[in-house]
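Trainee: fold the following for me, if possible:
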Amino acid sequence: MRRSVLGSLIALLLIAALLASRGMLRERPPEIHELSGLTMGTTYTVMIDAGDLTPARSATVRDTIEARLETVNRLMSTYDSASELSRFNRYQGLEPFSVSPQTLEVFEIARRVSERSGGAFDVTVGPLVDAWGFGPSERPSTPPDDRELRRLQERVGYERIIIDTAAGTLAKTHSGTVADLSAVAKGYGVDQVAEALDALGFTAFMVEVGGEIFARGRKADGSPWRAGIELPGAEVRSVYRPVDLVDMAAATSGNYRNYYEIDGVRYAHILDPRTGRPARHAGVSVSVLHERAAVADAWATALSVLGPEEGRRLAERQGLAAYFLMRAGEGLEARSTSAFERLAGD
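Mentor: Here you go, the predicted structure:
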């Protein structure tokens, strides 16, 4: 799974239980079972508070988790040329293209966030990302000029993909339009794993894929699952703000690691699809809490594009639980929405 074309470097949410398992906090309670592995070009970790979990039961759970994640990757990977998304991207016709219900659902989530964010979130922005040197190609010696950006923007725009949920199809209005779902697919993978664990009868667990998290219920001692918003730019990763999660997902997007400079000008990887250029604001990272990880994932990227001023105003209007970190002199300033303060705990 290619990294997100809008918010590609996730500002990792550090899970307290996961840190404990690595000897960084108190030891993990024996009833907390950890399963982890590789998926979507990143890693996954699942923590289950389930008392005794036999080896056979644990193997079944692992197989179920990996089957769900493999399905998402098989459908939506941009690295796998045989994936459903890759085949759609190669398709240059304007007639409807049949896709799976899962792929259609992710496109629909992306469309809703695109509309509500005024186009700040856009899964078709990949050509611009490549032109600015944040894709698989080498970084340019000079930034793309206005003419090049106008040419590329003829292919870019979430409205260029028509979603027909009744027919189960996608259609392009421009043959050269391509989509990258990485800014929502990892969150969708988290949701899929959580759904599978619910079906297996587990009532207290935490799922993390590439920094996107969902936590179900409370642990046996009554405490919530706890995550932490990362301190941006620190040489050693550390928690800036703890967050309690109960039946809640969390996702973070940041722009403080993936950037370059040309002639003293800093270009960060978060692009504004509306302008075709890197976003210009004091924002460093945005964390979003939501009932669905896919939605939190997409909104974290959209609000990172908009920044702490415009983004926070929109988040308040949308009732989103969002936490913004921004540069303030030599330090950082945090701003949050009222919904975030209600949900996040102390």
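Trainee: surely residue 84 is in contact with residue 75?
Mentor: Yes - counting by C-beta atoms under 8 Å, residue 84 does reach residue 75; the two are 4.6 Å apart. (C-beta placed from N, C-alpha, C; glycine too.)
Trainee: helix or strand for the spatially most central residue of the chain, which one?
Mentor: Centroid-nearest residue in the chain, with C-alpha atoms, centre = their mean: residue 297, separated by 3.5 Å. Taking DSSP states H and E as the criterion, residue 297 maps to helix 293-318.
Trainee: helices or strands next to that helix in the packing?
Mentor: helix 101-116, helix 182-199, strand 212-216, strand 248-254, strand 283-290, strand 321-328 (3 or more C-beta pairs under 8 Å, 6 or more residues apart in numbering; DSSP states H and E).
Trainee: lowest average confidence, helix or strand, in this protein?
Mentor: Lowest on mean pLDDT, DSSP states H and E among the helices and strands of the chain sits helix 16-21, with a mean of 39.
Trainee: can you give me the strands in the stretch 51-200 of the chain?
Mentor: 97-98, 161-164, 169-172 (DSSP state E, counting those that start in this stretch).
Trainee: chain center to stretch 93-113: distance?
Mentor: Here stretch 93-113 is found 18 Å from its chain centre; the criterion is C-alpha atoms, centre = their mean, to the nearest Å.
Trainee: buried ones in it?
Mentor: Neighbour-count burial for stretch 93-113, counted by 16 or more other C-beta atoms under 10 Å, picks out 97, 99, 102-107, 109-111, 113.
Trainee: put the alpha carbons of it into PDB.
Mentor: Taking C-alpha atoms only, stretch 93-113 is exported to PDB below (Å, rounded to 0.1, in the frame of the first residue of the first chain):
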ATOM      1  CA  GLY A  93     -12.200   4.400 -20.600                       C
ATOM      2  CA  LEU A  94     -15.100   6.600 -19.500                       C
ATOM      3  CA  GLU A  95     -17.600   3.800 -19.200                       C
ATOM      4  CA  PRO A  96     -18.500   2.500 -15.700                       C
ATOM      5  CA  PHE A  97     -15.900   0.100 -14.100                       C
ATOM      6  CA  SER A  98     -17.200  -2.600 -11.700                       C
ATOM      7  CA  VAL A  99     -15.600  -2.700  -8.300                       C
ATOM      8  CA  SER A 100     -16.100  -4.600  -5.100                       C
ATOM      9  CA  PRO A 101     -18.400  -3.300  -2.300                       C
ATOM     10  CA  GLN A 102     -15.400  -2.700  -0.100                       C
ATOM     11  CA  THR A 103     -13.600  -0.500  -2.600                       C
ATOM     12  CA  LEU A 104     -16.900   1.300  -3.400                       C
ATOM     13  CA  GLU A 105     -17.400   1.900   0.400                       C
ATOM     14  CA  VAL A 106     -13.900   3.500   0.700                       C
ATOM     15  CA  PHE A 107     -14.500   5.700  -2.300                       C
ATOM     16  CA  GLU A 108     -17.800   6.800  -0.800                       C
ATOM     17  CA  ILE A 109     -16.100   7.700   2.600                       C
ATOM     18  CA  ALA A 110     -13.500   9.700   0.700                       C
ATOM     19  CA  ARG A 111     -16.100  11.500  -1.400                       C
ATOM     20  CA  ARG A 112     -18.000  12.600   1.700                       C
ATOM     21  CA  VAL A 113     -14.900  14.000   3.400                       C
END
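Trainee: not counting sequence-adjacent ones, nearest residue to residue 190?
Mentor: Residue nearest to residue 190 in three dimensions, not counting chain neighbours: residue 293, with 3.8 Å by C-beta to C-beta, 6 or more residues apart in numbering.
Trainee: okay, now the one you found: neighbour count?
Mentor: Neighbours of residue 293 under the rule other C-beta atoms under 10 Å: 29.
Trainee: oh, and call the first residue 33 from now on, that's how I've got it
Mentor: Noted, 33 is the first residue going forward, which turns the last one into residue 325.
Trainee: ok, it - contacts?
Mentor: 218-220, 222-223, 226, 239, 244-246, 281-283 (C-beta atoms under 8 Å, 6 or more residues apart in numbering).
Trainee: between all of the residues you listed, which two are separated the most?
Mentor: Using C-beta to C-beta, the two most remote members of the contacts of residue 325 are 220 and 282, lying 14.7 Å apart.
Trainee: between those two, who's got more neighbours?
Mentor: The residue with more neighbours, out of residue 220 and residue 282, is residue 282; 32 against 27, by other C-beta under 10 Å.
Trainee: residue 344 and residue 335, how far apart?
Mentor: 8 Å (C-beta to C-beta, to the nearest Å).
Trainee: so residue 145 is in contact with residue 331, correct?
Mentor: Yes - between residue 145 and residue 331 there is a contact under C-beta under 8 Å: 5.9 Å.
Trainee: circling back to that earlier point, can you tell me which of the contacts of residue 325 is closest to residue 93?
Mentor: The shortest approach to residue 93 among those belongs to residue 239, at 11.5 Å (C-beta to C-beta).
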